[in-house]
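Colleague: Need coordinates for the below:
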Amino acid sequence: MNKRLVIIPTYNEKENIEKILRVVFNLETEFDALVVEDNSPDGTAEIVRKMMDEFKGRLFMLEREGKQGLGTAYITGFKWALQRAYEYICEMDADFSHNPKDLVRLYDACASQGADVAVGSRYITGVNVVNWPMSRVLMSYYASKYVRVVTGLNIMDTTAGFVCWTRKVLETIDLDRIKFVGYAFQIEMKYTAVKLGYQVMEVPIIFTDRTEGTSKMNKGIFTEAIFGVIQLRMRSIFGKVKPVKSI
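Modeller: This next block holds a predicted model:
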């Protein structure tokens, strides 16, 4: 079995899913792919099922009963990966906002450069975002700054959703205690990894807003992130960030 896996959550991604999977499977560094599919009414699952015959043993899909949130999709995927022999588990959007070719750079940061977690960062070398209106760029940038102030994290792109995790980190984090589902999920995972003593490295990427399909961003996701970081800080103060087993 390949030791590298990329988890791709989907909900109504028929325009993107086949194209992005083909890019992943054509990378020189081989990755398996797990699609966590939330019962998309647009037929996304049918597209993946047809591709599973072509990429047997490399493409997998978990189908859930409905839209349950990004965080729970990744937790489901992490648990699936840990039940198998994967050593490097990546998370990536289906809409090409994350360039699949950068998976190799994230993997290399963990496999060759000593990182326990590699984050595809929009802000480590300035602001590398394409096709976003200025209002959204500013909102995202200052949201990450707010998170750093509240939590003390030394990570420029705290809400980034393009990440490579080493197996030992995901084995140590108590995934059942990760509670948030949107951007706050991304913050909570990074915060927990840092509090458990793991090395997080930011790898500069260019983030390109989707050109096909519909954004899943909504007010509730943003609100969860704003107030969730305060909960994370309080949880840390009261000693509730603990490993699932001894490091």
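
Colleague: give me the number of residues near Ser40?
Modeller: 20 (other C-beta atoms under 10 Å). Just so you know, the C-beta spots here come from the backbone N, C-alpha and C atoms, and that holds for glycine as well.

Colleague: and if you look at the one 3 residues further on?
Modeller: For Gly43, the number of neighbouring residues by other C-beta under 10 Å comes to 11.

Colleague: Pop out the phi and psi values for it.
Modeller: The phi/psi pair for Gly43 (degrees, to the nearest 10) reads phi 90, psi 20.

Colleague: Glu18 reaches Arg49, doesn't it?
Modeller: No: Glu18 lies out of contact with Arg49 (C-beta atoms under 8 Å); the separation is 11.4 Å.

Colleague: Which helix or strand in the protein has the lowest average pLDDT?
Modeller: Lowest mean confidence among the helices and strands of the chain (mean pLDDT, DSSP states H and E): helix 219-237, at a mean of 62.

Colleague: Can you name the residues that contact Ile8?
Modeller: Ile8 makes contact with Ile17, Ile20, Leu21, Ala33, Leu34, Val35, Val36, Met92, Asp93, Ala94, according to C-beta atoms under 8 Å, 6 or more residues apart in numbering.

Colleague: Please repeat the previous calculation with a cut-off of 7 Å.
Modeller: The neighbours of Ile8, taking C-beta atoms under 7 Å, 6 or more residues apart in numbering as the test, are Ala33, Val35, Met92, Ala94.

Colleague: Nearest to Met156 among the residues you listed?
Modeller: Ranked by distance to Met156 (C-beta to C-beta), the contacts of Ile8 are led by Met92 at 19.0 Å.

Colleague: Torsion angles phi and psi at that closest one?
Modeller: phi -160, psi 140.

Colleague: Just the contacts of Ile8: which are in strands?
Modeller: Judged by DSSP state E, those include Ala33, Val35 as members of strands.

Colleague: Turn the contacts of Ile8 into JSON lines, columns for neighbour count.
Modeller: Shown next, in JSON lines, are those (neighbours: other C-beta atoms under 10 Å):
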{"residue": "Ala33", "neighbour count": "26"}
{"residue": "Val35", "neighbour count": "28"}
{"residue": "Met92", "neighbour count": "26"}
{"residue": "Ala94", "neighbour count": "23"}
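
Colleague: Which one of the contacts of Ile8 is nearest to Tyr191?
Modeller: Of all these, Met92 has the smallest distance to Tyr191: 20.4 Å, by C-beta to C-beta.

Colleague: separation between that closest one and Leu170?
Modeller: In this view, Met92 and Leu170 are 16 Å apart by C-beta to C-beta, to the nearest Å.

Colleague: With Glu65 instead?
Modeller: According to C-beta to C-beta, Glu65 stands 24 Å off from Leu170.

Colleague: repeat for Gly152
Modeller: Note on Gly152: its distance to Leu170, by C-beta to C-beta, is 23 Å.
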